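Undergrad: Prediction below, plus the sequence it came from.
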Amino acid sequence: MNLTSPSQVKAWCIENDFHPNKTMGQNFLIDRNALVSIVDAGLEPVRGVESPKVLEIGPGLGVLTEELLSRGCEVTAIEKDPVLAERLAASLGNPERLSVVAGDALDFVGPGRDAPGGRQFDCMVSNLPYQAGTRILLELVLDRRVPAMTALVQSEVAERLVASEGSKTRGLAGVWAQLDYDVEIVRKVSASCFWPRPEIGSSVVRLVRHDRNADFSEEERDIFHKLTKKAFEHRRKQLGSIFRDMIQSTARAEELSNEDWKNLVKGLMAT
C-alpha cells in the first residue's frame with residue numbers, strides 16, 4: 001500500500017472496518033513532500049551516525065516508519081492503538097530493524113521510566129497524536145535522554161515551544177523545553193496533508209539538546225520547574241504578588257528569559 005496515497009489509505013480503512021479515532025489524535029500523514037521534509041529534519045542532527053536508533057511515537061499506518069527504515073534507521077515504534085500496533089510490522093514486511101511496542105507512550109517516556117527494552121535513542125521522529133503530543137514532548141524534555149527530537153504537532157503547540165520572553169505565546173512548555181534544547185520550527189504543514197483532515201494546521205518542530213546549562217544541578221532544576229510552574233499558573237500576576245517575601249519583582253512570568261529564571265533560582269538558593 002502506498003501510505004501517501006489518500007485513496008489507498010481510505011480504501012484500507014474501509015476494507016478493514018477501521019475508523020480513525022479522533023480522541024487518540026489519529027490523523028494520518030498522506031503527503032509525500034511533507035513526509036520527506038519531516039524525516040530530513042529529524043535525521044539532520046544525527047548525520048554521520050550509522051544506523052541511527054530512532055524512537056517513533058504514534059506510527060499509525062507506518063508512513064514515517066517506512067521512510068525511516070528505508071534510510072537505514074533502527075526504529076522502535078510505540079503505538080497505543082492495538083489494531084494498528086498488531087498490523088504495523090507485517091504491513092512493512094517484518095523488517096529486522098523495526099521493534100513495535102503496543103502501549104501508551106506515556107508509560108515509557110519521561111523521568112524515572114524505562115525506555116522500551118532499555119534502549120538508548122539517537123533521536124525521536126514522530127507525528128505525535130494531537131491530544132497527548134504536548135505532554136509527551138514535555139516528558140521527553142524533562143527526561144533529557146533523547147538528544148534530538150523532531151515532531152509534527154499542532155502549530156499552536158510549536159509556537160509555544162519556540163516562544164521567547166515577552167511573547168504572548170510564551171508559556172511553561174517553551175520555558176521548560178528551552179532549558180536544555182534549542183527549539184526551532186522547521187516548516188508548516190497544511191491540514192490538507194492529513195486524512196482525516198484536522199481542523200487546524202500543523203508544524204514540524206525540532207529540538208536539539210544543548211549543554212549550556214550543564215552546570216545546573218538537579219536541585220536547581222527541581223526549584224526551576226516548581227517556580228516556573230507556579231508562576232505560569234498565575235501568569236497575569238506580577239511575580240512579587242505570587243512569591244511574597246521571596247521575589248521582589250513587578251515582572252510577569254512570560255517577560256522573563258530562561259537566564260532570568262536561572263538567576264532567580266540561584267539567588268533563592270543563596271539566601
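TA: Done, it's in. Residues are numbered from 1 along each chain as shown.
Undergrad: distance of the residue nearest to residue 148 when sequence neighbours are not counted from residue 110?
TA: Nearest non-adjacent residue to residue 148, counting by C-beta to C-beta, 6 or more residues apart in numbering: residue 45, 3.7 Å away. In short, each C-beta sits where N, CA and C put it, glycine included. According to C-beta to C-beta, to the nearest Å, residue 45 and residue 110 sit 21 Å apart.
Undergrad: Can you report how many residues neighbour the closest residue to residue 73 other than its chain neighbours?
TA: Closest residue to residue 73 apart from its sequence neighbours, by C-beta to C-beta, 6+ apart: residue 54 at 4.6 Å. By other C-beta atoms under 10 Å, 29 other residues sit near residue 54.
Undergrad: Does the residue nearest to residue 148 fall in a helix, a strand, or a coil region?
TA: Here residue 45 takes the helix state, with states given by DSSP: H, G, I helix; E, B strand; the rest coil.
Undergrad: and residue 188, that one's in a strand?
TA: Yes. Assigned with three-state DSSP, residue 188 falls within a strand.
Undergrad: And it, what's its pLDDT?
TA: As predicted, residue 188 sits at a pLDDT of 97.
Undergrad: Please tell me I have it right and it contacts residue 159.
TA: No. In this structure, residue 188 is not within contact of residue 159 by C-beta atoms under 8 Å, at 10.5 Å.
Undergrad: What are the buried residues along stretch 98-112?
TA: Burial within stretch 98-112, assessed by neighbour count using 16 or more other C-beta atoms under 10 Å, is assigned to 98-101, 105, 108-110.
Undergrad: let me redo that: stretch 68-75
TA: By neighbour count on 16+ other C-beta under 10 Å, the buried set for stretch 68-75 is 68-69, 73-75.
Undergrad: now do stretch 23-37
TA: Using 16+ other C-beta under 10 Å as the test for burial, stretch 23-37 gives 24-31, 34-35.
Undergrad: Is the closest residue to residue 133 other than its chain neighbours in a helix, a strand, or coil?
TA: Leaving aside its chain neighbours, residue 133 sits nearest to residue 153 (4.9 Å; criterion: C-beta to C-beta, 6+ apart). Assigned by three-state DSSP, the conformation of residue 153 is strand.
Undergrad: Could you give the number of residues near residue 153?
TA: So residue 153, with other C-beta under 10 Å, has 25 neighbours.
Undergrad: For it, which residues are in contact?
TA: 128, 130, 133-134, 137, 161, 202-203, 205 (C-beta atoms under 8 Å, 6 or more residues apart in numbering).
Undergrad: mind listing which of those are in strands?
TA: Mapping the contacts of residue 153 onto strands (DSSP state E) picks out 202-203, 205.
Undergrad: Reformat the buried residues of stretch 98-112 as CSV; add distance to residue 2, secondary structure and pLDDT.
TA: Output for the buried residues of stretch 98-112, formatted as CSV (distance: C-beta to C-beta, whole Å; DSSP: H, G, I helix; E, B strand; the rest coil; pLDDT from 0 to 100):
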residue, distance to residue 2, secondary structure, pLDDT
98, 19, strand, 98
99, 24, strand, 97
100, 21, strand, 97
101, 26, strand, 96
105, 27, helix, 94
108, 30, coil, 93
109, 31, coil, 91
110, 35, coil, 89
